[in-house]
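S.K.: could you look at this predicted model? Sequence included:
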Amino acid sequence: MLPTNTQNLPSDLGRTGPAVPLLSLRHATVLRGGQPVLQDLTFELREGEHTAILGPNGCGKSSLIRLVNRQDYPLPLPGSECPMRILGMDRWDVSALRSQLGIVSADLQQTFIQASGGGRRSGRDVVLSGVFASHGTFSHQTITPTLIARAEWAMDLTGARHLADKRIEEMSTGEARRILIARALAPNPRALLLDEPTTGLDLVARHHFLQMLQTVARHGKTLLLVTHHLEEILPQVERVILLKSGRVFMDGPKEVVLTSTNLSALYGRTVRLSQNRDGFSAQVEGE
């Protein structure tokens, strides 16, 4: 079970930063293989504004994460103006950026295994590596008792303390996801960018994981949730951006964007949306 008590949260978890957008995109287009995967994206996200990005497979959700993580780069605007700013800056040292934005994507587990050359990275090593924005811990890095305590707090919060000595290549997808979420939290980033975060978790673990995210959100950590599961949209999420074919299909307050009519237009099928105190669910007509 994932703990949800807030007693041991670091005192600076709710740290606030400068009054600049967390992410600002202005006519951002990304090509891969000569084809656009993101087209003319324009929107701003501010710290404290919990946002969900929703859309069908292939709509560009993961490409957006790659863009923010500086794995992909947008085409320059006329005059060489950069179409993307993160925390007010258009140039970043990638290691510094990744300590500010805790990003967890579906391929990160494999990245760790490949980066170690088939070596043996323990769960504790993986979590501590988040502090250094590296793919493991190394002899030149100074690991202080404070950093160890922070890593242990993050593993406790994600229900992963029992995985501290387990090698990541031996973990199930669900176990690795818990460790990678803890890694994202360890450096106390300005925001968490989560790409399909509950993939590999069973029903009970998923329930407690989403409860944990609510705890983090309530303490000031900005969440950007990229998903195609409506039931993952937390009560704290105020804004929803719908993506379709690499473009912004709709963007606005959750209660305005999430309707049966809008989702039917997004997916090209009749979708019936329902809501209760626990969140949203949807059913495709005829299924």
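M.R.: Noted; the coordinates are in hand. Please read these numbers as outputs of a predicted model, since none were measured by experiment. Numbers count the residues shown, from 1 in each chain.
S.K.: what segments of the stretch 101-250 of the chain are helices?
M.R.: Secondary structure of the stretch 101-250 of the chain (DSSP state H, counting those that start in this stretch): helices at 108-115, 123-132, 145-157, 173-185, 203-218.
S.K.: so which of the ones you listed is nearest P21?
M.R.: helix 203-218 (18.6 Å; C-beta to C-beta). Quick note: C-beta positions are derived from backbone N, CA and C, even for glycine.
S.K.: that older thread, so can I have a markdown table of the helices of the stretch 101-250 of the chain showing distance to D72, mean pLDDT and mean neighbour count?
M.R.: Shown next, in a markdown table, are the helices of the stretch 101-250 of the chain (distance: least, C-beta to C-beta, whole Å; pLDDT from 0 to 100; neighbours: other C-beta atoms under 10 Å):
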| stretch | distance to D72 | mean pLDDT | mean neighbour count |
| --- | --- | --- | --- |
| helix 108-115 | 15 | 72 | 16 |
| helix 123-132 | 22 | 88 | 25 |
| helix 145-157 | 28 | 88 | 18 |
| helix 173-185 | 20 | 86 | 25 |
| helix 203-218 | 26 | 80 | 17 |
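S.K.: these into TSV, with extra columns for distance to G268?
M.R.: Shown next, in TSV, are the helices of the stretch 101-250 of the chain (distance: least, C-beta to C-beta, whole Å):
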stretch	distance to G268
helix 108-115	31
helix 123-132	39
helix 145-157	39
helix 173-185	30
helix 203-218	28
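S.K.: can you tell me which of the ones you listed is nearest to F249?
M.R.: Per C-beta to C-beta, nearest to F249 of those: helix 203-218, 24.6 Å.
S.K.: so where do the strands sit in the stretch 1-150 of the chain?
M.R.: Secondary structure of the stretch 1-150 of the chain (DSSP state E, counting those that start in this stretch): strands at 21-32, 35-46, 51-54, 84-86, 101-104.
S.K.: could I get the ones you listed in JSON lines, plus columns for mean pLDDT?
M.R.: Below are those laid out as JSON lines (pLDDT from 0 to 100):
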{"stretch": "strand 21-32", "mean pLDDT": "92"}
{"stretch": "strand 35-46", "mean pLDDT": "93"}
{"stretch": "strand 51-54", "mean pLDDT": "95"}
{"stretch": "strand 84-86", "mean pLDDT": "91"}
{"stretch": "strand 101-104", "mean pLDDT": "84"}
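S.K.: output these in TSV; the columns should cover mean neighbour count.
M.R.: Converted to TSV, those look like this (neighbours: other C-beta atoms under 10 Å):
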stretch	mean neighbour count
strand 21-32	19
strand 35-46	17
strand 51-54	25
strand 84-86	20
strand 101-104	24
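S.K.: and L101, which of the helices of the stretch 101-250 of the chain is closest to it?
M.R.: L101 sits nearest to helix 173-185 of all the helices of the stretch 101-250 of the chain, at 8.7 Å, using C-beta to C-beta.
S.K.: how close does the residue lying closest to A186 once chain neighbours are set aside sit to G123?
M.R.: Once flanking residues are discounted, A186 sits nearest to G130: 4.1 Å by C-beta to C-beta, 6 or more residues apart in numbering. Distance from G130 to G123, counting by C-beta to C-beta, to the nearest Å: 12 Å.
S.K.: now do L192
M.R.: Using C-beta to C-beta, one gets 19 Å for the distance from L192 to G123.
S.K.: re earlier: the residue nearest to A186: what's it in contact with?
M.R.: Contacts for G130 (C-beta atoms under 8 Å, 6 or more residues apart in numbering) come out as 99, 102, 154, 182-187.
S.K.: just checking, F43 touches V248?
M.R.: Yes - using C-beta atoms under 8 Å, F43 makes contact with V248 at a distance of 6.3 Å.
S.K.: common neighbours of those two, please.
M.R.: Contacts common to F43 and V248, judged by C-beta under 8 Å, 6+ apart, are I241.
S.K.: so what sits opposite P21 in the bridge?
M.R.: For P21, the beta-bridge partners under DSSP bridges are R46.
S.K.: touching, it and L45? I think so.
M.R.: Yes - P21 is within contact range of L45, at 6.3 Å (criterion: C-beta under 8 Å).
S.K.: contacts for stretch 242-254 next, please.
M.R.: By C-beta under 8 Å, 6+ apart, the list of residues contacting stretch 242-254 reads 36-43, 52-56, 59-61, 63-64, 233, 237-241, 257, 262, 265-266.
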